[in-house]
Structures are given as structure tokens and as C-alpha cells.
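>>> Provide a 3D model corresponding to the input given below.
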Amino acid sequence: MEPLNYGIIGINGYGATHLAAVDAVEQEELVALRAVAEVFPDRCPDKIAQLRERGVRIYDDYRQMLQQEDELEAVSVPTPIPLHVPMALACFERGLHVWLEKPPAVLVQDVDGMLEAAGAAGRFCQIGFQNIMDEGARVLKEKIAAG
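Take a look at the predicted model:
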């Protein structure tokens, strides 16, 4: 099985978690990080340098990344909530699967629009819930449910 060609829009803040997760899955050869877009590269110069050494292409504008990266198949968008809609729509227009963090948008109408765009593109939109897979959170939930 070929690894999924992956991109990340925003590697600072919570985006660092996405980068770490992609790095871990990349070790299993399930994904290949090809490109990242980061508007504040000066806030993470060490990360940028490490990514460049690995051959990951760096952009300061996600639109440029989407335009130039033909091999991408999926993109994480761990950016501030107001940016989710335009970024996700641009990704769907480009034919990419999208992983957004919660909440996906401020207005339910915007969520509906993103789902419509994903469906029209034949792509998936996954919403990340930060601790849904956390072992500690799962155990705590089980203990609470058990009384």
C-alpha cells in the first residue's frame, strides 16, 4: 500500500500536535508528509528547518501550497476557527480529503456548506476531537459510566 500524500495548514499552536501525529504515522509508512503551509514560520524556525531537511516543502500561504502540490491527497487544517471554512472549501475544490479541528465552523450553515462541498468533491471531512482517542480520557469515561 502506498502512503497517503499529506499536507498540513498551520504547524504552530495546535498544529504542532497534528505534525507530531503525522510524524508518528509516517514511521508506519501510512502517510508521507509532502508540504506544510505556515504563515508564521519565524515562530518555529527549528521545525521548519527539520521539515526542509526531510524534503517537506514549506509555504507561507496555503493557497499557494494547494495550487502547486499536485500529489497531495489529504490535508489537516488545525487553524483558528474562522479560517476553517475558506481553507476547507479550497481543499475540497482541489479534490482533497480534509481533517478539521473542532468546532468545524461558527455557524451551522457554514458546516452544511462544507459538507455539501465535500460531497460534491467526493471527499471526506473529518472533525478532530482532541481527546477522543486519549487512553486516560477513555478510562475516566468508563469509570464514570460504571459509577
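>>> could you show me where the strands are in this protein, in order?
4-9, 31-37, 57-59, 74-77, 97-101, 125-128 (DSSP state E).
>>> Save the ones you listed as a markdown table, and put in distance to Arg138, mean pLDDT and mean neighbour count too.
Quick note: C-beta positions are derived from backbone N, CA and C, even for glycine. Shown next, in a markdown table, are these (distance: least, C-beta to C-beta, whole Å; pLDDT from 0 to 100; neighbours: other C-beta atoms under 10 Å):
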| stretch | distance to Arg138 | mean pLDDT | mean neighbour count |
| --- | --- | --- | --- |
| strand 4-9 | 26 | 98 | 24 |
| strand 31-37 | 24 | 98 | 22 |
| strand 57-59 | 36 | 98 | 17 |
| strand 74-77 | 22 | 98 | 25 |
| strand 97-101 | 19 | 94 | 23 |
| strand 125-128 | 16 | 90 | 17 |
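>>> is it true that Val56 touches Arg34?
Yes. Contact status for Val56 versus Arg34: in contact at 6.6 Å, counting by C-beta atoms under 8 Å.
>>> Overlap in contacts, these two.
Applying C-beta atoms under 8 Å, 6 or more residues apart in numbering, one finds that no residue jointly contacts Val56 and Arg34.
>>> Which residue ranges of the chain form helices?
With helices called from DSSP state H, the chain shows them at 15-27, 45-53, 62-68, 81-93, 108-121, 135-145.
>>> Out of those helices, indicate the one that is most buried.
helix 81-93 (a mean of 19; mean count of other C-beta atoms under 10 Å).
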